[in-house]
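>>> this is the structure alone, sequence omitted:
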């Protein structure tokens, strides 16, 4: 077992959050065209889906997606250990345990945010996975559950789980209200309390902490990185993906990806063609993830309308791209 994640520069410095129905392999391939260094995460995959379902469908990915983490949902240590082994065998760089999702469907499976109430069970899960694989085991969690805003609650959770071998905690800086709020409301209604995550870092300086929730601008990222080891961006990265194109230069002092938006679009179209040839994947399954590429550019709305038009699904993606670009050119100067 090798759980050493120490380095001068945290591999978790910038991450795109795992998002159900969004961060599939098509989305991740698109994001990787924009940034080489940002750590990407799968959608949550349940242990049941891997142990009793189609493993290749859930775990296959393109080598270009590295560095890439597999997020698991589950609460049985033996099942999680077996799934962690699968993840390592398939080539993932990290296994992340979901202890933050508040949806009732996830709660019925006895995992997600409700696991924060059982830190010793989470510790058992982490230890079982850490004993099974050599790649890092990380945990994504909230700062509390329901309306209790006790720092001691999340401090003790982190302390207990860390003793089992977890060294990396990705913290959504809101409580998870397990009753009465939808998952969307759980991302908006409970107040953001970044100071709780900062306090965790102060109390556990040897651990790696990344913060998630409400960060939408570079100034906020820089502010968080003054105290923490990383920042995880969710919906802002999805809706405004061109932001990712600046991250390699801003946060790793590397040259940015030297592609224009048009070249990124062409890269996605080339991927659509490969996917269609290999798997028969309709181009619309890929196109939905790049709808924010031209946000802020004149004609972007017309461009989106073309790529969203399922009446064009019989056309080749390069034909659709040509139509979308013509629509942009003839659009009003101010979109």
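It's in. Predicted model, so just to flag it, every value in this text is computed and none were measured.
>>> hey, which helix is longest across the chain?
Longest helix in the chain by number of residues (criterion: DSSP state H): helix 261-279.
>>> quick check: mean pLDDT across whichever helix or strand comes after that one?
Scanning forward in sequence from helix 261-279 by DSSP states H and E, the next helix or strand is helix 283-287. Computed over helix 283-287, the mean pLDDT rounds to 98.
>>> now the next helix or strand after helix 283-287: buried residues?
For helix 283-287, the succeeding helix or strand toward the C-terminus, using DSSP H and E, is helix 300-307. For helix 300-307, a neighbour-count test (16 or more other Cβ atoms under 10 Å) marks 300, 302-304, 306-307 as buried. The way it works is simple: take the backbone N, C-alpha and C, and place the C-beta from them, glycine included.
>>> count the neighbours of residue 12 for me.
24 (other Cβ atoms under 10 Å).
>>> mind listing what it touches?
39, 138, 168, 170, 208, 210, 229-230, 232 (Cβ atoms under 8 Å, 6 or more residues apart in numbering).
>>> that's a strand at it, yeah?
No: the assignment for residue 12 (DSSP: H, G, I helix; E, B strand; the rest coil) gives coil, which keeps it out of a strand.
>>> per-residue confidence at it?
98.
>>> leaving out sequence neighbours, find the closest residue to it.
residue 230 (3.6 Å; Cβ to Cβ, 6 or more residues apart in numbering).
>>> my guess is the one you found meets residue 207, correct?
No: with contact defined as Cβ atoms under 8 Å, residue 230 does not count as touching residue 207 (11.7 Å).
>>> ok, the two, which is more surrounded?
Shown here are residue 230 and residue 207; by other Cβ under 10 Å, residue 230 has more neighbours (22 against 18).
>>> might you report the residue contacts of that one?
Residue 230 neighbours (Cβ under 8 Å, 6+ apart): 10, 12-15, 170, 208-211.
>>> so what pairs up with it in the strands?
Assessed by DSSP bridges, residue 230 has beta-bridge partners residue 210.
>>> over to residue 145?
Beta-bridge partners of residue 145, as defined by DSSP bridges: residue 176.
>>> report pLDDT for it.
With respect to pLDDT, residue 145 has a value of 92.
>>> repeat for residue 190
The model's pLDDT for residue 190 equals 87.
>>> would it count as being in a helix?
No: going by three-state DSSP, the assignment for residue 190 is coil, not a helix.
>>> can you check the pLDDT for the closest residue to residue 201 other than its chain neighbours?
Closest residue to residue 201 apart from its sequence neighbours, by Cβ to Cβ, 6+ apart: residue 209 at 4.7 Å. At residue 209, the pLDDT value in this model is 98.
>>> residues near residue 209, how many?
23.
>>> residue 15 in helix, strand or coil?
Residue 15 carries the three-state label strand when classified by three-state DSSP.
>>> please name the bridge partners of it.
With DSSP bridges as the rule, residue 15 is bridged to residue 39, residue 232.
>>> distance check, it against residue 211.
10 Å (Cβ to Cβ, to the nearest Å).
>>> identify the contacts common to these two.
What both residue 15 and residue 211 touch, as defined by Cβ under 8 Å, 6+ apart, is the set 170, 230-232.
>>> in TSV: the residues you listed, plus distance to residue 184 and pLDDT.
Listed next are the shared contacts of residue 15 and residue 211 as TSV, based on distance: Cβ to Cβ, whole Å; pLDDT from 0 to 100:
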residue	distance to residue 184	pLDDT
170	20	98
230	25	98
231	21	98
232	18	98
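>>> can you add distance to residue 97 and give the residues you listed back as TSV?
Below are the shared contacts of residue 15 and residue 211 laid out as TSV (distance: Cβ to Cβ, whole Å):
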residue	distance to residue 97
170	10
230	17
231	20
232	15
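>>> what's the most distant pair in those?
By the measure Cβ to Cβ, 170 and 231 form the most distant pair in the shared contacts of residue 15 and residue 211, at 9.8 Å.
>>> any idea how many residues pack against residue 233?
23.
>>> sorry, back to before: tell me which other helices or strands the longest helix of the chain touches.
helix 25-34, helix 283-287, helix 317-330 (3 or more Cβ pairs under 8 Å, 6 or more residues apart in numbering; DSSP states H and E).
>>> buried subset of the shared contacts of residue 15 and residue 211?
Those of these that meet the buried threshold are 170, 230-232, by 16+ other Cβ under 10 Å.
>>> just curious, which of these is nearest to residue 195?
Within those, the smallest distance to residue 195 is 15.5 Å, found for residue 231 (Cβ to Cβ).
>>> gap between residue 222 and residue 13?
Applying Cβ to Cβ, the value for residue 222 to residue 13 is 11 Å.
>>> ok, these two, which is more surrounded?
Each of residue 222 and residue 13 has its neighbours counted (other Cβ under 10 Å); residue 13 has more, 20 against 12.
>>> residue contacts, the more buried one?
37, 225, 229-231, 251-252.
>>> care to break this protein down by domain?
Here the domain parsing of the chain from automatic domain parsing is 14-252, 261-330.
>>> and these, which is most packed in?
Mean neighbours per residue, mean count of other Cβ atoms under 10 Å, is largest over the domains of the chain for domain 14-252, with a mean of 19.
>>> ok, back up a step: which neighbours do residue 170 and residue 231 share?
15, 210-212.
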